[in-house]
Structures are given as structure tokens and as C-alpha cells.
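Chemist: what shape does this take:
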Amino acid sequence: MDWSLTSPRFLTTDSLVGCAGMALVLVGAAVWTTDAQAQVVAMTWEHSRVSSITQGATPDVVPEEDSAAPTEIATDIPARLRRQQVNYSTIESPGTIVIDTPNTYLYLVLGDGKAIRYGIGVGRDGFTWSGVKTIERKSEWPDWLPPTDMLQRQPYLPRFMAGGPGNPLGARAMYLSGSAYRIHGTNKPSSIGQHVSSGCIRLLNEDVIDLYGRTHIGTKVVVLPMDHHNVAQADLAPKPVALTRRAIFAPSLH
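Modeler: Residues are numbered from 1 along each chain as shown. All right, here's what the predicted structure looks like:
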């Protein structure tokens, strides 16, 4: 059998057309495969880039403390920041919330010189504020919609995040009248006792659940300024007075 290039078997029109067709198919398949691989690589790179930005892994992108972060477990919280009943002298009525910004405490006034004190996280430098507000809305496991000014500073943040353990607003939120500020929980317990937020007041999730159950729509909220540097009143427990022998036996003036 003659298989040389001059053989009629290789010179027929049908053979040439068939070979040309097969070549086109092979070239097309190669081009499609290369293009598909390129698309997969591009999609993988883009996913990696977005993920690294969102998680704050890119060195020149530092998310604000209000942004989404993996949920932490509340451990090693200093004793002073744990929820507790304390002595607290104030002219505010029982049921009022007082935010002691410089000392990172929230007081729920009980009356009779007592209050429940909670450790909190407050606004960082340039984001603190003061004034009198009321609670105008309450929400359990609230959704998070970053305000416009935060999105301008951090355009990579999600426009919406459904409520849940990973949500930066935590388990509860109490919205303050006439403002974008809230008293809310957190998925980052280590931020309690710190000046870290964009102006909102944050508590441990178990604490915000407790506070949420003790407040109502219309509750008064007093936010003290950063220059209110008095020693936290709750730490000024009455001290015993040492009486001298002379004082004990001094005659009464009544």
C-alpha cells in the first residue's frame, strides 16, 4: 500500500477538506479551553481580592471597628467591665441611661443611690459626642445597613448584612432619636472598654440583651462628653468614718 504524499489517498478533495475541518475543530477547542481557563483564573483572583479586602487582609485597607468581623468569644473581660450593681449618685430619674464616655461605662439608674453598670465601647477620637436622646426604636438581632458616611470612608463594606451572630450590631439594638447612633451588641467583645466606634455605644451581647429587657421606647439617654473627667461615681462607695474618742463623747448639739 502506497502511503507517500503523492498517493491519491492524500490528494483527493474530500481528504483535504476533512483534514482542514478537523484542524479547525482542534484549534477551536484549544481556543475555547484557553479562554475558559482564563475566565476561571480571573474569577478566582477577583474572589480572592474581594475576600482579602473585606477581611482587612490588605495592608493599606483597615476596616473600622463597626465593620463586619469574625465573631469573638467573650473571655478575659476585666472585672470592672462586667455587669454589676453599684453605688451611683445622680439627679437623673430611675430608668434613665447615662453614658460615661471617658470611663467607658453605661449606667442604668435604679434610684436610691444605685445603678446597674455595664462596660461599653465608645467612639474613637473624632467620633465622640454628647447630648440627651431617647430610645425611639428597638430591634432584636438587627440587620446592618452601614450609613452613607461610613460607606464613603469604606466603599468595600457590604450595603446590607442580615442579623445574626456575625453581624457587628450583635444581639440587640436600641436606636437613639434624631441620629444615626445606636446602643447595640457586638461580635467583638475585645472592643469593650475601648474607644473604637464611629459614635455608637456597644455592649457585650449578654449585656445588651439584659439592658434591652429593662428599657422601653422613650427611655431617656444622657451621653456625657469626653471632657467629663470626674472619677466614676460608682467607684466612690461610702467609706467608714474613723471616730476619735473625743468625737464619740462630744455632747450633742440637738
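Chemist: ok, residue 184 - contacts?
Modeler: 142, 169, 170, 172, 173, 174, 200, 201, 202, 203, 208 (Cβ atoms under 8 Å, 6 or more residues apart in numbering). (Each C-beta comes from the backbone N, C-alpha and C, glycine too.)
Chemist: count of residues packed around the residue nearest to it when sequence neighbours are not counted?
Modeler: Once flanking residues are discounted, residue 184 sits nearest to residue 173: 4.1 Å by Cβ to Cβ, 6 or more residues apart in numbering. By the criterion of other Cβ atoms under 10 Å, residue 173 has 24 neighbours.
Chemist: residue 183 is in contact with residue 173, correct?
Modeler: Yes: using Cβ atoms under 8 Å, residue 173 makes contact with residue 183 at a distance of 7.2 Å.
Chemist: for the stretch 1-150 of the chain, give me the ranges with low pLDDT.
Modeler: Applying pLDDT under 70 to the stretch 1-150 of the chain flags the ranges 1-75.
Chemist: where do the helices sit along it?
Modeler: Under the criterion DSSP state H, counting those that start in this stretch, the stretch 1-150 of the chain contains helices at 8-11, 13-54, 148-153.
Chemist: quick check: domain ranges of this protein?
Modeler: Structural domains assigned to the chain are 8-53, 79-228, following automatic domain parsing.
Chemist: tell me the most buried of these?
Modeler: Here the criterion is mean neighbour count by mean count of other Cβ atoms under 10 Å, and of the domains of the chain the winner is domain 79-228, at a mean of 18.
Chemist: phi, psi of the residue nearest to residue 228 when sequence neighbours are not counted?
Modeler: Sequence neighbours aside, residue 102 is the residue nearest to residue 228 in space, at 6.0 Å (criterion: Cβ to Cβ, 6+ apart). Note on residue 102: its backbone torsions stand at phi -60, psi -30 [degrees, to the nearest 10].
Chemist: for residue 89, see how far away residue 102 is.
Modeler: 18 Å (Cβ to Cβ, to the nearest Å).
Chemist: tell me what residue 175 is bridged to.
Modeler: residue 137, residue 182 (DSSP bridges).
Chemist: residues in contact with it?
Modeler: By Cβ under 8 Å, 6+ apart, the contact set of residue 175 is 135, 136, 137, 138, 139, 181, 182.
Chemist: distance of the fourth one from residue 121?
Modeler: Relative to residue 121, residue 138 is positioned 20 Å away (criterion: Cβ to Cβ).
Chemist: could you pull out the helices for the stretch 151-254 of the chain?
Modeler: Assigned by DSSP H, counting those that start in this stretch, the helices in the stretch 151-254 of the chain fall at 205-214, 245-249.
Chemist: by mean pLDDT, show me the worst of those.
Modeler: Of all the helices of the stretch 151-254 of the chain, mean pLDDT reaches its minimum on helix 245-249 (a mean of 35).
Chemist: OK, contacts around residue 141?
Modeler: Counting by Cβ under 8 Å, 6+ apart, the residues that residue 141 touches are 163, 164, 167, 171, 172.
Chemist: now, which of those residues sits nearest residue 116?
Modeler: Nearest to residue 116 among the contacts of residue 141 is residue 172, at 15.6 Å by Cβ to Cβ.
Chemist: thought that closest one was touching residue 208?
Modeler: Yes: taking contacts as Cβ under 8 Å, residue 172 lies within contact range of residue 208: 4.5 Å.
Chemist: between the two, what contacts are shared?
Modeler: 184, 185.
Chemist: mean confidence for stretch 167-178?
Modeler: Taken as a whole, stretch 167-178 has a mean pLDDT of 96.
Chemist: what about it, how long is it end to end?
Modeler: 23 Å (Cα to Cα, to the nearest Å).
Chemist: overlap in contacts of residue 173 and residue 183?
Modeler: Shared contacts of residue 173 and residue 183, counting by Cβ under 8 Å, 6+ apart, come down to residue 208.
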